[in-house]
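Q: Sharing a sequence plus its predicted fold:
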Amino acid sequence: MSTLDIALRTTSPRARRLSPLVTLAQRRFQLTARTPRELVVPLLTPIMFAAVIAPALMTALHTATSYEAFVAVGTVGLLIPLNTMFSGLSVIVDRESGAQRELLTAPIPRSSLVLGNLVVALATTSLQLAVLIAVALARGIHFHTTAGGVLWFVGAAGLFAVGMYGVAEILAARVPKQEEYIARVPAIAIVPWFLAGALFPITALPTFLSWVAKFLPLSHALALMRYGLLQDSSGLHNIWGMSGPTTMAALSLGLVGGFAVLLSIAATRVFTRSATS
Amino acid sequence: MNAIEVRSLTKTYPGGVEAVKGVDFDVATGEVFGLLGPNGAGKSTTVGMLTTTVEPTSGSARLGGHDVAEEPLAARRLSSVVFQEAVVDRSLSGRRNLEIHASLWGVDRREAQEQIGELAETVGVGELLDRAVATYSGGERRRLELARALVSRPRVLFLDEPTVGLDPRIRAELLDVIGALREQSELTVLLTTHYLDEAERLCDRVAIIHAGRIVALDAPSTLRASLGRELIELHVDGDVDAALAALQLRGVAGDDAFSLGSRLTVPLHGHDSREAIEVIHELRLPGGISAREPTLDDVYLRLTGDSLATAA
């Protein structure tokens, strides 16, 4: 009996299924930890917004203190796409000069390679969100929230991050070079942010663009996060025009969840196909 | 049971490039089998299909009885690959690269640690294991990749041009290590190469692959023997075809004599080389003459009309 046979017989089926995912996630963590820019660079812009630009806007435009809180949540909508898109860059590095070809010959479903990367992208995004919120709190911004509110926030941020990581994987599979990938990041990560009600309510947009904004997953995610952290349902109302905040929140969460599921499935399929020539 | 069974395997890439045009071969358990051919012959595509990273257009391939298209996980579980180019996590240590492979192939952790220590010593990277792979030389990295491929105790090992890009000394050392694998009777090795000496030295049987087709398949000695025990090589200053015709007329050259540029190669098939050289002198054919034993390059040249050494 070979070593492999012995190993397969002495490990439970569930552990056997999870073991490759754990290994892949650990590997990605270690590679990410060795390239600190992957963690730090996406954090710079949102922190600049929360710590410098939002206070400057407040001073210049004489906005209320609540606007700083509004923008603090808005910057989350920039941090998540930026970080997940930067995580996608590592897929290209893996393909160009890393061990991706070796991993493709491993006796594991290829979807687990995407999942392993996703786990780490979510973890680094969570870390960065924690830093961003800590910076906001340190600046004296108050979040009026409850345990339930935190759950809305975490659900919206988590599902939106999953969907955006799907976008990153798809782009990484389609684009051959890092340079081309980086050139496309602003259009995907930043342009929607200007339209999604990050800095101002979507009702301030021209009518056509406000309708476009209602279909952006980021608009729903931001409205949900504000509902969760600030108990402000105006963003949800601007999208749905209904009166029950919980219903609107559930609808938006469903939409962001659908975005996450669809993009995850698409990312797995695109990666698997692109990995096999 | 054969470790590898390939039937009518083809691969046509998008755009219509036919990389593999219906190859058939079997590799017995414990055999070291070579795919010999120049770059672009279809060797790596064939290995890609066997390792499930390239989807076959038609035909079938089995590893340990598992169809690579129908049961890819089972087929991959039995095999490991050493790639033509470096495929490692450079910022991780050598040990970590090996541990990741062992874990993904389901090797028990304690067993893996023992295996890693032993294999690293065997391939000569024992002292480097805890250094980042980025600091390894090309030869050290290739040794590490060989150790990594073996850590899961594969039944089938694919070596895709394992010595390309290495300097001669390191290449010779690596060939020693690969040669030692032959002692493991359970391990089946499929080696692709365009180096004749590698094929001669390491392989039990060799398939010569040219433009996506297998043009000859046998033991290296048998392939060489197809050209007899000795041949004469002439570097003709003038009309090579006329020289060949003259030699055929005198019964020195047979139908299997062949030419490449100004080089005319004449298998002697039992003729005495001194007599043959005398005939050449009598015919006053201008140019240099040498007598030697046939090589696999001669076989390749005879079959494809091209020299492997130049084609590669």
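A: Now that the structure is in, tell me what you want to look at.

Q: buried sites along the strand or helix carrying A:A136?
A: Taking DSSP states H and E as the definition, A:A136 sits inside helix A:111-138. By neighbour count with 16 or more other CB atoms under 10 Å in any protein chain shown, helix A:111-138 contains the buried residues A:111-122, A:124-125, A:128-129, A:132-133, A:135-136. Where C-beta positions appear, they are placed from N, C-alpha and C, glycine not excepted.

Q: can you confirm B:V20 is in a helix?
A: No. Assessed with DSSP: H, G, I helix; E, B strand; the rest coil, B:V20 is strand; it does not lie in a helix.

Q: isn't it right up against B:G212?
A: Yes. The pair B:V20 and B:G212 qualifies as a contact (CB atoms under 8 Å) at a distance of 4.9 Å.

Q: what touches both of those two?
A: Shared contacts of B:V20 and B:G212 (CB atoms under 8 Å, 6 or more residues apart in numbering or on different chains): B:G42.

Q: Looking at those two, which has the bigger crowd around it?
A: Remark: of B:V20 and B:G212, B:V20 carries more neighbours, 29 against 22, as counted by other CB atoms under 10 Å in any protein chain shown.

Q: does any part of whatever helix or strand A:I265 lives in sit near chain B?
A: Using DSSP H and E, A:I265 falls within helix A:245-275. Yes. Part of helix A:245-275 sits near chain B under the criterion CB under 8 Å from any CB of the partner chain, namely A:A275.

Q: Go through that helix and flag the buried ones.
A: Residues of helix A:245-275 classed as buried by neighbour count (16+ other CB under 10 Å): A:245, A:248-249, A:251-253, A:255-257, A:259-260, A:263-264, A:267-268, A:270-272, A:275.

Q: That helix to helix A:111-138, inter-axis angle?
A: Taking axes from the mean of the first three to the mean of the last three CA atoms, to 10 degrees, helix A:245-275 and helix A:111-138 form an angle of 140 degrees between their directions.

Q: Counting by contacts, list what helix A:245-275 packs against.
A: With contacts taken as 3 or more CB pairs under 8 Å, 6 or more residues apart in numbering or on different chains; DSSP states H and E, helix A:245-275 sits against helix A:111-138, helix A:147-174, helix A:217-230, helix A:234-240.

Q: sorry, back to before: between helix A:147-174 and the helix holding A:A136, find me the angle.
A: Note on geometry: by the same axes, to 10 degrees, helix A:111-138 and helix A:147-174 are set 130 degrees apart in direction.

Q: just how off-centre is the helix holding A:I265 within its chain?
A: 12 Å (CA atoms, centre = their mean, to the nearest Å).

Q: Could I get the buried residue list for stretch B:200-207?
A: Buried residues in stretch B:200-207, counted by 16+ other CB under 10 Å: B:E200, B:L202, B:C203, B:R205, B:V206, B:A207.

Q: For B:G34, give me its contacts.
A: Shown in contact with B:G34 (CB under 8 Å, 6+ apart): B:L190, B:L191, B:T192, B:T193, B:E198, B:A199, B:L202, B:C203, B:R205, B:V206, B:A207.

Q: The same query, at a cut-off of 6 Å, please.
A: With contacts defined as CB atoms under 6 Å, 6 or more residues apart in numbering or on different chains, B:G34 is in contact with B:L191, B:A199, B:C203, B:V206.

Q: Is B:S259 located within a strand, as I assumed?
A: Yes. Under the criterion used here (three-state DSSP), B:S259 sits inside a strand.

Q: Does it touch B:D239 like I think?
A: No. Taking contact to mean CB atoms under 6 Å, the distance of 10.6 Å between B:S259 and B:D239 leaves them out of contact.

Q: Among these two, which residue is more densely surrounded?
A: Neighbour tally, B:S259 and B:D239, criterion other CB under 10 Å: the higher count belongs to B:S259, 17 against 12.

Q: Now do the SS call for the residue lying closest to B:A69 once chain neighbours are set aside.
A: Distances taken as CB to CB, 6 or more residues apart in numbering or on different chains place B:P56 nearest to B:A69, at 6.5 Å, with adjacent residues excluded. With three-state DSSP as the basis, B:P56 sits in coil.

Q: so what's B:P56 up against?
A: Residues in contact with B:P56 (CB under 6 Å, 6+ apart) are B:L9, B:K11, B:M49.

Q: and those, which of them are in helices?
A: Taking DSSP state H, the ones among the contacts of B:P56 that sit in helices are B:M49.

Q: Which parts of chain B are strands?
A: For chain B, the strands identified by DSSP state E occupy B:2-13, B:17-28, B:32-36, B:58-63, B:66-67, B:79-82, B:156-160, B:188-193, B:205-210, B:213-218, B:231-236, B:258-260, B:263-267, B:287-292, in order along the chain.

Q: in terms of contact, does B:V32 touch B:V189 like I think?
A: Yes. In this structure B:V32 lies within contact range of B:V189 using CB under 6 Å: 4.5 Å.

Q: can you list the residues of the stretch 101-250 of chain B near chain A?
A: Contacts of the stretch 101-250 of chain B with chain A, taken as CB under 6 Å from any CB of the partner chain, map to B:S103, B:L104, B:G106, B:V107, B:D108, B:E111, B:R153.

Q: Throw these into a markdown table and include neighbour count, thanks.
A: A markdown table is the format used below for those (neighbours: other CB atoms under 10 Å in any protein chain shown):
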| residue | neighbour count |
| --- | --- |
| B:S103 | 22 |
| B:L104 | 22 |
| B:G106 | 22 |
| B:V107 | 24 |
| B:D108 | 18 |
| B:E111 | 16 |
| B:R153 | 19 |
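
Q: Residue 83: neighbour count?
A: Because you didn't say which chain, this covers chain A. 29.

Q: oops, I was thinking of chain B
A: Neighbourhood size, B:F83 [other CB under 10 Å]: 23.

Q: Skipping adjacent residues, who's closest to it in space?
A: For B:F83, the nearest residue in space outside its immediate sequence neighbours is B:D160; the separation is 5.5 Å by CB to CB, 6+ apart.

Q: So what are the structural domains in chain B, by residue number?
A: Per automatic domain parsing, the structural domains of chain B span B:2-223, B:228-293.

Q: Give me whichever of these is most buried.
A: For the domains of chain B, the largest average neighbour count (mean count of other CB atoms under 10 Å in any protein chain shown) is found in domain B:2-223, namely a mean of 20.

Q: Can you get me the start-to-end distance on that domain?
A: With CA to CA, to the nearest Å as the measure, domain B:2-223 spans 22 Å from end to end.

Q: how about low-confidence regions in the stretch 51-200 of chain A?
A: Within the stretch 51-200 of chain A, the set of residues satisfying pLDDT under 70 comprises A:61-65.
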